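Asks: I need the structure of the sequence given here:
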Amino acid sequence: MKGETPEPPLPPHPHDAVLLVDDEHAILEAFKTALSPHFDVATAASVREAEFQLHKKSFKVVVADHLMPGGNGMSFLVRCREEFPHMQRVLVTGYMKPEMLLRSVNEASLYRYLLKPVQVGDLVKIVHDAVKAHDLSIKAGS
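Replies: Next comes the predicted model:
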C-alpha cells in the first residue's frame, strides 16, 4: 500500500558466520554488502589474514578467491577441509580448465564453485544453502 515502509531485513543470525577471502577490495566489499543483511560476515584480503580469522571465530562457510598474491585460495580451502571439516567451502575463480576444476572440487571437497563475474543473487543463495549444509553436517555428525 502507499505510504507503508517496507519491513527492514532481519538482522543477521549471529551463529551464521561467513568468511570472505579475496585480494580485490572492490569484490570483497560487494560480496560483504550483499551478504551482511543475512549473515555475520568477516573479510580477509589474504590467505594469511584468513587463517588468522579462522582461529578467532567459528565460521559455517568460507568463500575464497582462487588466485591471490601470497597464497592460493584452492590450497587454503584444502587446509580448511582438513582442519574444519563441517565448514562449507566455496571457490570463486575467473577461469580454470575443467580437469583442474574437477580435481580442485574433489581435493577441497568444495560445496560449490562460482565463476567470475559472480552474480550477487547467486552468491547469496549459495551461501544460504551452504549454511544449511553445514548445519545438516553437524547434525549428522552428532
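
Asks: which parts of the chain are helices?
Replies: 25-35, 47-54, 73-83, 98-108, 120-141 (DSSP state H).

Asks: give me the buried positions along the first one.
Replies: Buried residues in helix 25-35, defined by neighbour count with 16 or more other CB atoms under 10 Å: 27, 28, 30, 31, 32, 34, 35. C-beta here means a position set from N, CA and C on the backbone, and glycine is covered the same way.

Asks: which residue, neighbours along the chain excluded, lies closest to residue 49?
Replies: residue 21 (7.8 Å; CB to CB, 6 or more residues apart in numbering).

Asks: what number of residues lie near the nearest residue to residue 63 once chain neighbours are set aside?
Replies: Nearest non-adjacent residue to residue 63, counting by CB to CB, 6+ apart: residue 90, 4.5 Å away. Residue 90 has 23 neighbours, counted by other CB atoms under 10 Å.

Asks: got a list of what residue 90 touches?
Replies: If you count contacts by CB atoms under 8 Å, 6 or more residues apart in numbering, residue 90 has them with 61, 62, 63, 64, 110, 111, 112, 113, 114, 126, 127, 130.

Asks: same check, this time on residue 67
Replies: Contacts of residue 67 (CB under 8 Å, 6+ apart): 73, 93, 94.
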